[in-house]
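Enquirer: build me a model:
(2 chains)
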2 protein chains.
Amino acid sequence: MSATPPIAFTTGPSQLHPLVADELAAAASDGTLSDSHRSPRFRSQVARTVEALRALLDIPPDHRVLFCASASEAMERIVQGTVRDRSLHLVNGAFARRFHRISQNLGFAASAIERPDGEGYDADHPLPGIDAPGSEGPPQLVAMTQNETSTGVRIRPDAIHALADRVRAAGALAAVDLVSGWPVEAVDPARVDAGFFSIQKAFGLPAGLGVIVASPALVERSRALQTAGRSVGGYQHLPALADAADGSQTVATPNMLGIRLLGRVAEDYLERGIDAIRAETDGKARALWDAIDDLPGLHPFVRGADADRIRSRTILVVETEPSADPVRAALRDRGFLVSDGYGPWKGRQLRIANFPSHSPEAMEALIRALRDSA
Amino acid sequence: MSATPPIAFTTGPSQLHPLVADELAAAASDGTLSDSHRSPRFRSQVARTVEALRALLDIPPDHRVLFCASASEAMERIVQGTVRDRSLHLVNGAFARRFHRISQNLGFAASAIERPDGEGYDADHPLPGIDAPGSEGPPQLVAMTQNETSTGVRIRPDAIHALADRVRAAGALAAVDLVSGWPVEAVDPARVDAGFFSIQKAFGLPAGLGVIVASPALVERSRALQTAGRSVGGYQHLPALADAADGSQTVATPNMLGIRLLGRVAEDYLERGIDAIRAETDGKARALWDAIDDLPGLHPFVRGADADRIRSRTILVVETEPSADPVRAALRDRGFLVSDGYGPWKGRQLRIANFPSHSPEAMEALIRALRDSA
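Expert: Just a heads-up that it's a prediction; the model follows:
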């Protein structure tokens, strides 16, 4: 089994960042994996990872970086910790739908506005209960999905900021799924109450860690609910996560290796420069879409007049006619893995990740293979 | 930084299993860390890990193996998923107290019976609400801590079985914290409704994965609560975890690397033989206690007539007079890390892990260092 594994353009877990192998080897031998999660050495690792993320994502000093196990857990902790009776969800795909269902599963009156798969939201999209709160007041939480990994639809960062401004002006909290958006998408943490991601997407890391960037308001609302006698969770709740974060600690023993790897990759991204990474990402996406234009039977899933605004930079979704299966198989034979369509789009789409760990050369090679396969 | 790191006798994270380094290197290069958590390859890894755990812990076919992020999350999911209004907690240290607090934090009437730190429970310990359920019926869940990592007190496996028999006969569910007990302690999963552990203890692995072994009754009770309209959680709830497990899947993208490492180490333990591992563990514990007998200023924290029954095999807690700090420092200078006392015992105890990754030779070396240091 010494054959080179294929290059993974899968939507996450995806191609590993090139530093992962060395960092795993160092971790296996330097004793840190035997440290207590309360040890000074691990706490300084937490501080270092948080510092790198602050610099990379421009996180304000009063916002906290909270660690959990996955983006799904992030959704659950945010809803459980902040919703008193109602939440509102902007649904543009399967992961936004999951956020909605989590609030329902927790027993809340969760309402949703839905866009068909492949369509998105603009800054001025009506927000029921926010634009004109009724006598019962606004929902406590509005959930948005900036970059929908299931459909390849994005909400532009400036639209996220504008929507969140309206949400916050109405007295609600704005939570944004940035799972496959950050750090590529320039959503400003200061403009939202919760932004969260998981490390197996654009950070190119092994799965098993979620990160929530939390505003002071988010934590204060959760503490207020708790003070009023409401349960905000059993153990990994927002107030406890925030208290731990204030001491560069974690609540339970976390995925310490994941926190270390994340810090290392964030530092690498800082060295490369986030603007350079974003420009490179745009360039790789353009190269793929230019190639797709010429290929019969393939076209962008997100199309139409506003396609350039709402088409994801990091999750490139290609519709195939008739079936995606032979194309995926041919790509695999040539050493490239891409993801299948999600849910109802299974077998009818290729979902191609375009993360910082995918070099321009690898993307060019994939495009050549696609030309040979399609 | 090429100096050999010290040998970690810390209570977890602890000394890494010797297979970890090679397995991390393999994972970094064989492409599996880029797999989808729904891919056939990862699902077969889940199946393989579960199969090894079934063989090692003698888990009945109708019991499920559920993955979460930590033992603390396990406590939270179990309480959230099964308690309707009341739980009962047998408290013999800080982690049992955490289980109790989690139920309170989730808004339930959680009662506790408490033993002083350093003392345990026998098979015939009175269980209020279980031995004589009042008109309101028994609590829905009784929580026990088989091996208290904070105090080094164990409840004998046969006492766990007898207590759980009474709990189940009364119609309640028996949940057992086996965090630092399994696989060394021979608690039979068939005799309890939930047994859980985390992989950074006796499996010698990097932290970030918890495992719940769940009885059919546990899952059915949770489904019944859900059917009755009660929230049993937002996403990672017991019914969802069980459904996923039935297809060798996980609910969210999990710590896939941790699941792989756990499978590999469980297979290694099977090759070594669990009886041999248990006998070796007992031998190492005896060697330490024999040495402590001769050392002035040191004695077992758990002592008295029934000490042999209730003293943990895997977490060896040594009381020091006057302070533990100089002994810990001297051990560190000699290349051995041990844990401090927990909570109120900080600075007054050494907590020494005795896991399968601690070889008899390493334990002998630690004992020599202790003789030189104390």
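
Enquirer: pLDDT averaged over stretch A:136-156, what's the number?
Expert: Mean pLDDT, computed over stretch A:136-156, is 97.

Enquirer: gap between the two ends of that stretch?
Expert: Taking CA to CA, to the nearest Å, stretch A:136-156 runs 31 Å from one end to the other.

Enquirer: near chain B, which residues of the stretch 101-250 of chain A? Just list them.
Expert: Within the stretch 101-250 of chain A, the positions lying close to chain B (CB under 8 Å from any CB of the partner chain) are A:101-103, A:105-107, A:198, A:200, A:206-209, A:230-231, A:233-237. In short, each C-beta sits where N, CA and C put it, glycine included.

Enquirer: which of these are buried?
Expert: A:101-103, A:105-106, A:198, A:200, A:206-209, A:231, A:233-237 (16 or more other CB atoms under 10 Å in any protein chain shown).

Enquirer: now, those that are in helices?
Expert: Here DSSP state H is the test, and these give A:Arg101, A:Ile102, A:Ser103, A:Asn105 as lying in helices.

Enquirer: out of everything not next to it in sequence, what's closest to A:Val46?
Expert: Distance criterion CB to CB, 6 or more residues apart in numbering or on different chains; nearest residue to A:Val46, sequence neighbours excluded, is A:Ser248 at 4.5 Å.

Enquirer: just say helix, strand or coil for A:Ile212.
Expert: Going by DSSP: H, G, I helix; E, B strand; the rest coil, the secondary structure assigned to A:Ile212 is strand.

Enquirer: er, A:Ser339 actually
Expert: Under three-state DSSP, A:Ser339 comes out as strand.

Enquirer: please name the nearest non-neighbouring residue to it.
Expert: Computed as CB to CB, 6+ apart, the closest residue to A:Ser339 that is not its neighbour in sequence is A:Arg351, at 4.0 Å.

Enquirer: give me the residue from the stretch 101-250 of chain A nearest chain B.
Expert: A:Gly208 (3.1 Å; CB to the nearest CB).

Enquirer: what's the neighbour count on the closest residue to that residue other than its chain neighbours?
Expert: Among residues not flanking A:Gly208 along the chain, B:Asn255 sits closest, at 3.1 Å (CB to CB, 6+ apart). By other CB atoms under 10 Å in any protein chain shown, the residues close to B:Asn255 number 29.

Enquirer: separation between B:Asn255 and B:Arg43?
Expert: Relative to B:Arg43, B:Asn255 is positioned 15 Å away (criterion: CB to CB, to the nearest Å).

Enquirer: cool, A:Phe108 as well?
Expert: Separation of A:Phe108 from B:Arg43 (CB to CB): 32 Å.

Enquirer: so those two - more neighbours on which side?
Expert: A:Phe108 (21 against 17).

Enquirer: wait, isn't the more buried one in contact with A:Leu88?
Expert: No - when contacts are counted by CB atoms under 8 Å, A:Phe108 is not listed as touching A:Leu88 (10.6 Å).

Enquirer: please point out which parts of whichever strand or helix holds A:Ala224 sit buried.
Expert: Using DSSP states H and E, the element containing A:Ala224 is helix A:216-227. Within helix A:216-227, the residues scored as buried using 16+ other CB under 10 Å are A:Ala217, A:Leu218, A:Val219, A:Arg221, A:Ser222, A:Arg223, A:Leu225, A:Gln226.

Enquirer: let's have these in TSV, adding pLDDT.
Expert: Shown next, in TSV, are those (pLDDT from 0 to 100):
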residue	pLDDT
A:Ala217	98
A:Leu218	98
A:Val219	98
A:Arg221	98
A:Ser222	98
A:Arg223	98
A:Leu225	98
A:Gln226	97
